[in-house]
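K.L.:
this is a predicted model, with the sequence first.
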Amino acid sequence: MRRGEEGSAIVELVWLGILLLVPLLWIVLSVSHVQQGAFGVAAAARAAGRAYALAPDDASGRAAATAVARRALADQGLGDAPLDVSVTCTPFPHDCHSGTSVITVRIRSAVELPPLPDFLGGGQPRFALSASQTVPIGRYQEVRRGPR
């Protein structure tokens, strides 16, 4: 009976399994982080658009939009994620709550992916996310005008 490669197949299979399992696990965890972030950013944009439209003026609308966007991200477990809220209005860019304005709220954020091993560059990669929500101010909304 010769001793040669008996039992080496199981060793090779275990090493191959480990080498394939670790990157696959990183990919699955990364995709789940990105999906969580996508849900959070979409919910933040929707909530911020509604809050801005329901606010009595643009200044309080901006504050309300930022607050509810932060809360929506926190609800998805992204309370410490960076947040950038920008608001644009057409056709009245300086008075979003006038007449038939259409408000567009854009949310930008990022999620941190699981750390990479040192031999792949190391560090903590980030994935940028953005979402927007367009909300028309009602056609039949009362338009306030100056004193007569």
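P.N.:
Arrived safely, thanks for sending. Keep in mind that what you see is a predicted model, and the values were worked out from it rather than measured.

K.L.:
what is the mean pLDDT for the host helix or strand of Glu12?
P.N.:
Here Glu12, judged by DSSP states H and E, is contained in helix 8-54. Mean pLDDT, helix 8-54: 90.

K.L.:
buried set for the very next helix or strand once past it?
P.N.:
Downstream of helix 8-54, the next assigned helix or strand under DSSP H and E is helix 58-75. Across helix 58-75, burial judged by 16 or more other Cβ atoms under 10 Å covers Asp58, Gly61, Arg62, Ala64, Ala65, Thr66, Val68, Ala69, Arg70, Ala72, Leu73. Just so you know, the C-beta spots here come from the backbone N, C-alpha and C atoms, and that holds for glycine as well.

K.L.:
residues in contact with helix 58-75?
P.N.:
40-41, 43-55, 79, 81, 83, 85, 87, 95-97, 105, 107, 109 (Cβ atoms under 8 Å, 6 or more residues apart in numbering).
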